[in-house]
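A.B. asks: A predicted structure for the sequence below; I have some questions about it.
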Amino acid sequence: MKKRIGIDELKPGMLVEQLDRSWLDTPFFRHKMTITSTDQIAQLRACGVRTLVVNIEEKHATTEAVKTAPDITSDPIFTAPDDRVSVPPTIGLDEELPSARQTYHAAKTIVQNAMHDTRLGRAINMDEVNRVVSDMSDSVLRNPDALTSLTRLKKFDEYTFYHSVNTSILAMSLGRHLEFDRTTLHQIGVGGLLHDIGKTKIPTEILNKPGRFKPDEMEIMKQHVLRGVEILSTTTGLGDSYLRPALEHHERVDGTGYPYRRVRSELSQVGMMAAVVDIYDAMTSDRCYHKGQAAHEALQFLYRLSLEGHLDAALVQQFIHVVGLYPVGSVVELNTGETGIVKEVHHHAPLAPVVLLVKSAANTLLSHPKELDLVAQLEQPHRSVATVLDAKQVGIDPTDYLDKKAA
């Protein structure tokens, strides 16, 4: 029997069916969960939950059942334990950033070269591609947040190149989070880097059209998938696993995608991962026909798509863990009225990132931004993120503060 109770009535062992706010506003990202500790209750209370629906007939579910219960949907293709914690980084973010920055820009140049060669009918230089993906793998394994934080660096007129690099990085970071081995990470990286290579065979007037496609133009645009697979299938050294991101990044698990309208059982895991990261980076990028959305809005959209059955729900959940509820570069307002920029995420505490305070509560720009780790606060009262702001509306460019060398 389901019953609505107050947060103060919630006890360990109870099965929560519904909150009085979105699960995305909490660290849990589920449709339901069994409470196993008072810490979880404290986290829900801290997120503003006041009332919730519990199933009192299932309140004695075992801890093991909680661990194996599917996340978000009742039948995900990929099952992973709740609250997965990635392999810890071997070096710190600040230490890895210089190397990551060099690798990021090298990858962008190599994608540019590969597309240029393809347009001219020349073979892709796979030695270059494999070399830079190996460097990307090394970086992601040392500290996955360094390269991931750089995916916010995008230029409108070079969208296709940056998007290819970002898709590769985000897919590899998700793969590391899912504890893939190095060989699989490399395959995902190469596949992601070249997933849009077929766009070199699409007329530029359609590719760069600053408005909605007409139906016939959309059909031509969709051809980039199979044209890309055609190019990659004739490229030396690339087996089927490398082609999956190119072939499946526009497929959807409910069969509504293209080119083949494949359903979940017909799709590869790396293809479903490519679909998630492809949408995220496209949504957060400025395009010739729309302004990029804030990262948290893109995550909410992905979450909604997963609830509607278009994307694999468990992979979306894990991807949110990878980039964080407040991804690096997000402009946030704290409960004190101060404005900050997210510099680093804590995967064990997604609601409490490291921020650079750039504006006072009186909305005055600070001459010397102050770094604040919301997890390790000593001052009282503790600060917390109250809301996410539109960077353009508040007149703040996160790149000016976070990574001037990479801009």
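C.D. replies: Right, received. Where do you want to start?
A.B. asks: so His177 sits right up against His321, yeah?
C.D. replies: Yes. The criterion here is Cβ atoms under 8 Å, and His177 meets it with His321 at 6.6 Å. C-beta: built from backbone N, CA, C; applies to glycine.
A.B. asks: State the pLDDT value of Trp23.
C.D. replies: Looking at Trp23, its pLDDT is 65.
A.B. asks: all strands for this protein, in order.
C.D. replies: Counting by DSSP state E, the chain has these strands, from start to end: 2-6, 15-19, 33-34, 51-55, 331-334, 339-344, 354-359, 365-373, 385-389.
A.B. asks: Ok, which of those strands comes nearest Arg152?
C.D. replies: Closest to Arg152 of the strands of the chain, according to Cβ to Cβ: strand 339-344, at 10.2 Å.
A.B. asks: So which other helices or strands are in contact with the closest one?
C.D. replies: If you count contacts as 3 or more Cβ pairs under 8 Å, 6 or more residues apart in numbering; DSSP states H and E, strand 339-344 packs onto strand 331-334, strand 354-359, strand 365-373, helix 398-402.
A.B. asks: Can you list the strands that it pairs with?
C.D. replies: Its sheet considered, strand 339-344 pairs with strand 331-334 (antiparallel), strand 354-359 (antiparallel) by DSSP bridges.
A.B. asks: what sits up against it?
C.D. replies: With contact meaning Cβ atoms under 8 Å, 6 or more residues apart in numbering, strand 339-344 is reached by 93, 145, 149, 324, 326-334, 353-359, 363, 369, 371-372, 389, 394, 396, 398, 401-402.
A.B. asks: picking up where we left off before, format the helices and strands packed on strand 339-344 as CSV; extra columns: distance to Thr234, mean pLDDT and mean neighbour count.
C.D. replies: Shown next, in CSV, are the helices and strands packed on strand 339-344 (distance: least, Cβ to Cβ, whole Å; pLDDT from 0 to 100; neighbours: other Cβ atoms under 10 Å):
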stretch, distance to Thr234, mean pLDDT, mean neighbour count
strand 331-334, 45, 93, 20
strand 354-359, 46, 95, 20
strand 365-373, 50, 93, 12
helix 398-402, 39, 86, 16
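A.B. asks: Format these as TSV; extra columns: distance to Thr200.
C.D. replies: Below are these laid out as TSV (distance: least, Cβ to Cβ, whole Å):
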stretch	distance to Thr200
strand 331-334	35
strand 354-359	39
strand 365-373	42
helix 398-402	29
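A.B. asks: These: which one's closest to Ile231?
C.D. replies: Of all those, it is helix 398-402 that lies closest to Ile231, at 33.4 Å by Cβ to Cβ.
A.B. asks: circling back to that earlier point, would TSV of the strands paired with strand 339-344 with distance to Glu266 be doable?
C.D. replies: Output for the strands paired with strand 339-344, formatted as TSV (distance: least, Cβ to Cβ, whole Å):
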stretch	distance to Glu266
strand 331-334	40
strand 354-359	42
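A.B. asks: Can you tell me which of those strands is nearest to Asp39?
C.D. replies: So among those, strand 354-359 is nearest, using Cβ to Cβ, at 21.5 Å.
A.B. asks: so how far is that closest one off the chain centroid?
C.D. replies: Distance of strand 354-359 from its chain centroid, counting by Cα atoms, centre = their mean, to the nearest Å, is 22 Å.
A.B. asks: Which secondary structure elements does the biggest helix by length in the chain sit against?
C.D. replies: Longest helix in the chain, counting residues (DSSP state H): helix 93-119. Using 3+ Cβ pairs under 8 Å, 6+ apart, the elements in contact with helix 93-119 are helix 126-142, helix 144-150, helix 159-177, helix 182-193.
A.B. asks: pLDDT (mean, whole number) over stretch 210-219?
C.D. replies: Across stretch 210-219, the average pLDDT comes to 88.
A.B. asks: centre of the chain versus that stretch, how much separation?
C.D. replies: Offset of stretch 210-219 from its chain centre (Cα atoms, centre = their mean): 27 Å.
A.B. asks: Give me the spatial nearest neighbour of Val253, chain neighbours excluded.
C.D. replies: With sequence-adjacent residues excluded and distances taken as Cβ to Cβ, 6 or more residues apart in numbering, Val253 is closest to Arg264, at 4.1 Å.
A.B. asks: Kindly tell me how buried that neighbour is, as a neighbour count.
C.D. replies: By other Cβ atoms under 10 Å, the residues close to Arg264 number 17.
A.B. asks: who touches Ala46 in this structure?
C.D. replies: By Cβ under 8 Å, 6+ apart, the contact set of Ala46 is Leu351, Ser384.
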